[in-house]
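A.B. asks: Fold the following and give me the result.
(chains A and B)
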Amino acid sequence: MAGLFSRGAAAPVWVAEMEENRQRWFAFIEKLEARMDGLCTAALPELQQVLAEDEDAYKRTFLRMLAGIKGQLENIREKIREVGEEKVRDFFSCHIDEAWGSDDLRQRLYAFREVCTGRENAFEERHAAWLARLEKTGKRDLEAEYRSILDEHAALRDSFCCRQCGAPVVVDKLYFITSYLVCSHCRTQNTFEPGSKARGLEGLARELAEARTEHLLAASEAERQRDQDLYLKIHENRARAADSPATAASRKAQNEVWQKERAATVLNAHAAYETYLRAMFDEWNSIVPDLAEHNERFYQRMLEDYRRSR
Amino acid sequence: MSDSPEKPLAFLRQLRQKAASQTPYGGAAQEQSPRISAITCPNCGAPRAKEDGLVRCAYCEHAFMSVAIGDGLHLKKQAD
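C.D. replies: Numbers count the residues shown, from 1 in each chain, chains lettered A, B, ... in the order given. Sure, this is the predicted structure:
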């Protein structure tokens, strides 16, 4: 960007201010980025240690600490947003009318906004990447948790007796809510209360099903990304000035090919998402078959919402 | 926080201390093992029977609960 704002012989006063704003904006973001990097680099090992030492069943100490760090990151982001509002976007809005009379000034004002917004977007990407890394430290081993629930059930299913007559009562399946079990000898209604682990199955099932089918969601996201890339290619091709009618015709033909590709990609993305949704719910139902009827209604609603929104 | 590498560490130590000292809402989580129990009728001492025994005693008609039972996951609606 060197020299972009340096040709202001008869330029109004705000042009110098614009250059100053740009430089200060870049320095400001760089400083906050360094602060964010420092905090997150130090936080990663600290979070892992807190998680390992947290004896709470729901890891609430770890979650509180993570929330505190995320709050700090959000403060940094908010500061950038506030300053950007004042020094970039408001500045642009204030002077765009003045710059309208001169092509040069207008272009410089637009270029100012573009580079400043670009820098802000780069910060946002970095912020999102750090957030993802921080969240990842608390990633649970859902398969291990599920296995432990199954093991507990297998170990205890034959260990209960009727409270009335003492005959064995078999816990025939994995109950995750309090349920009545009938004694086959005296027909007494015994109340079976599952343990804390089994009670967690309802909450764990969806996450586990999503984890098991994440490759299908990734396939759908890849199609979406391909569509986005094609859109940008078409847009860039249209924006470029053609030096001859032949070039213009060739670009137009190329755009038509990409448009067709885009249409196919969009259809693929929709089909891939619907495949993911079905597979995820099938997996969910296989983990908690008792909720299949309820989940099926949820699936239908999600599918309808998705189809309406696309 | 300034840019000194010690500052984030001091902040994190403070945050960690605070997170550990806070009492969770509802108290500490209680680990519960699975268990089985049975209720007997407070009126006649009979156990709750499978048929017709969920909301009222099948033997002496004593009402265990005054609510109507709907269909649940492992429960079928009972006729009044």
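
A.B. asks: From now on I want contacts and neighbour counts done on CA atoms only, so please keep to that.
C.D. replies: Will do.

A.B. asks: The nearest residue to A:Asn268 once chain neighbours are set aside: neighbouring residues, count only.
C.D. replies: Nearest residue to A:Asn268 in three dimensions, chain neighbours excluded: A:Glu223, at 6.7 Å (C-alpha to C-alpha, 6 or more residues apart in numbering or on different chains). Using other C-alpha atoms under 10 Å in any protein chain shown, A:Glu223 has 22 neighbouring residues.

A.B. asks: again, but for A:Ile29
C.D. replies: Residues near A:Ile29, counting by other C-alpha under 10 Å, number 22.

A.B. asks: Could you see whether chain B lies near the host helix or strand of it?
C.D. replies: Using DSSP states H and E, A:Ile29 falls within helix A:13-53. Yes: against chain B, helix A:13-53 shows contacts by C-alpha under 8 Å from any C-alpha of the partner chain at A:34-35, A:38-39, A:42-43, A:46, A:50.

A.B. asks: Nearest residue to the middle of chain B?
C.D. replies: The residue lying closest to the centre of chain B (C-alpha atoms, centre = their mean) is B:Gln32, at 10.0 Å.

A.B. asks: who's in contact with it?
C.D. replies: Neighbouring residues of B:Gln32 by C-alpha atoms under 8 Å, 6 or more residues apart in numbering or on different chains: A:195-196.

A.B. asks: now the residues of helix A:13-53 next to chain B as TSV including pLDDT, distance to A:Glu293 and neighbour count?
C.D. replies: What follows is the residues of helix A:13-53 next to chain B, written out as TSV (pLDDT from 0 to 100; distance: C-alpha to C-alpha, whole Å; neighbours: other C-alpha atoms under 10 Å in any protein chain shown):
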residue	pLDDT	distance to A:Glu293	neighbour count
A:Ala34	96	51	13
A:Arg35	95	50	21
A:Gly38	95	49	19
A:Leu39	95	47	23
A:Ala42	95	47	17
A:Ala43	96	43	21
A:Glu46	94	43	19
A:Val50	94	40	20
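
A.B. asks: Need those residues in CSV (columns: distance to A:Gly166).
C.D. replies: What follows is the residues of helix A:13-53 next to chain B, written out as CSV (distance: C-alpha to C-alpha, whole Å):
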residue, distance to A:Gly166
A:Ala34, 68
A:Arg35, 66
A:Gly38, 63
A:Leu39, 60
A:Ala42, 58
A:Ala43, 55
A:Glu46, 52
A:Val50, 46
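
A.B. asks: Now do the helix or strand following the helix holding A:Ile29 against helix A:13-53, angle only.
C.D. replies: Going down the chain from helix A:13-53, the next helix or strand is helix A:60-84, by DSSP H and E. Helix A:60-84 and helix A:13-53 are oriented at 180 degrees to each other (axes from the mean of the first three to the mean of the last three C-alpha atoms, to 10 degrees).

A.B. asks: helices or strands up against the host helix or strand of A:Ala263?
C.D. replies: A:Ala263 is part of helix A:245-287, with elements assigned from DSSP H and E. Where contact means 3 or more C-alpha pairs under 8 Å, 6 or more residues apart in numbering or on different chains; DSSP states H and E, helix A:245-287 is packed against helix A:201-212, helix A:214-239, helix A:292-309.

A.B. asks: Any idea which of those gets closest to A:Val170?
C.D. replies: When those are compared by C-alpha to C-alpha, helix A:201-212 sits nearest A:Val170, at 19.8 Å.

A.B. asks: ok, residues contacting that closest one?
C.D. replies: Applying C-alpha under 8 Å, 6+ apart, the contact partners of helix A:201-212 are A:142-143, A:146, A:149, A:176, A:280-281, A:283-284, A:287-288.

A.B. asks: ditto for stretch A:258-272
C.D. replies: Contacts with stretch A:258-272, where a contact means C-alpha under 8 Å, 6+ apart, come from A:216-217, A:219-224, A:226-227, A:230-231, A:234.

A.B. asks: ok, 7 Å please
C.D. replies: By C-alpha atoms under 7 Å, 6 or more residues apart in numbering or on different chains, the surrounding residues in contact with stretch A:258-272 are A:219-220, A:223-224, A:227, A:230.

A.B. asks: hang on, the earlier thing: in JSON lines, list the helices and strands packed on helix A:245-287 along with mean pLDDT and distance to A:Arg60.
C.D. replies: Output for the helices and strands packed on helix A:245-287, formatted as JSON lines (pLDDT from 0 to 100; distance: least, C-alpha to C-alpha, whole Å):
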{"stretch": "helix A:201-212", "mean pLDDT": "94", "distance to A:Arg60": "16"}
{"stretch": "helix A:214-239", "mean pLDDT": "94", "distance to A:Arg60": "26"}
{"stretch": "helix A:292-309", "mean pLDDT": "95", "distance to A:Arg60": "29"}
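
A.B. asks: can I assume A:Ala198 is in contact with A:Phe176?
C.D. replies: Yes: A:Ala198 is within contact range of A:Phe176, at 5.2 Å (criterion: C-alpha atoms under 7 Å).
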